[in-house]
Each structure stands twice: as structure tokens, then as C-alpha cells.
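Participant: sequence unavailable; structure follows:
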């Protein structure tokens, strides 16, 4: 993981480190840290509960904001989509 971040930075990319750990425990050379200290899982060893849900939520927010920034949103609808990949999306459009 450190090597990937270091290589990205060497190539001039900005880096983000998303973790479910408090910032003081992180020793990674990233430009931005998104720390979601969710605490221990209800079932020890599982990462699909609190940490997985928190991570998925943040990634959904980031990808939605990216679509807004590149102009793929008009009003409250995504635009320039290909409906062939999603039956649910086809039902909305048709």
C-alpha cells in the first residue's frame, strides 16, 4: 500500500487515504486522510458491518460529487448514462 501511494505521488497524483482507524495510528504519506473511526465490530473479525458500511457510504458520496463536478448531473438526475446496463435505470427512463 505504501508503495502505491509513493508511486502515485512520484507521478504527480494527489492521494487520499480512506480508513476506519483514527488518524494518529496512520503512518502513510497521503495528501488527504478520511478517517472513519467506527470502533470495533459487533462480531469480532468482521469488516462488513460498521467499517464496510461507513466506507461504502463515503465512496458513494465521493463518486456522486465527482459526477456533479464533471457536469454529469442536471437538476436531480444523472445525465449521459447508458441505460442498457441497468434494468432499474431503463424502467425510470422508459
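Facilitator: Structure received. If you're wondering where the values come from, they're calculated on a predicted model, not measured in any experiment.
Participant: ok, longest helix in this protein?
Facilitator: What stands out as the longest helix in the chain, according to DSSP state H, is helix 50-69.
Participant: contact partners of the following helix or strand past that one?
Facilitator: Next helix or strand after helix 50-69 toward the C-terminus (DSSP states H and E): strand 73-74. With C-beta atoms under 8 Å, 6 or more residues apart in numbering as the test, strand 73-74 has contacts from 67, 79. C-beta here means a position set from N, CA and C on the backbone, and glycine is covered the same way.
Participant: quick one: mean pLDDT for strand 73-74?
Facilitator: Mean pLDDT, strand 73-74: 91.
Participant: returning to what we had before: and the longest helix of the chain, what does it pack onto?
Facilitator: In terms of contacts (3 or more C-beta pairs under 8 Å, 6 or more residues apart in numbering; DSSP states H and E), helix 50-69 is packed against strand 16-19.
Participant: let's see 10 Å
Facilitator: Judged by 3 or more C-beta pairs under 10 Å, 6 or more residues apart in numbering; DSSP states H and E, helix 50-69 is in contact with strand 16-19, strand 32-35, strand 73-74, strand 77-78.
Participant: format the ones you listed as JSON lines; extra columns: mean neighbour count.
Facilitator: As requested, these are arranged in JSON lines below (neighbours: other C-beta atoms under 10 Å):
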{"stretch": "strand 16-19", "mean neighbour count": "16"}
{"stretch": "strand 32-35", "mean neighbour count": "14"}
{"stretch": "strand 73-74", "mean neighbour count": "12"}
{"stretch": "strand 77-78", "mean neighbour count": "11"}
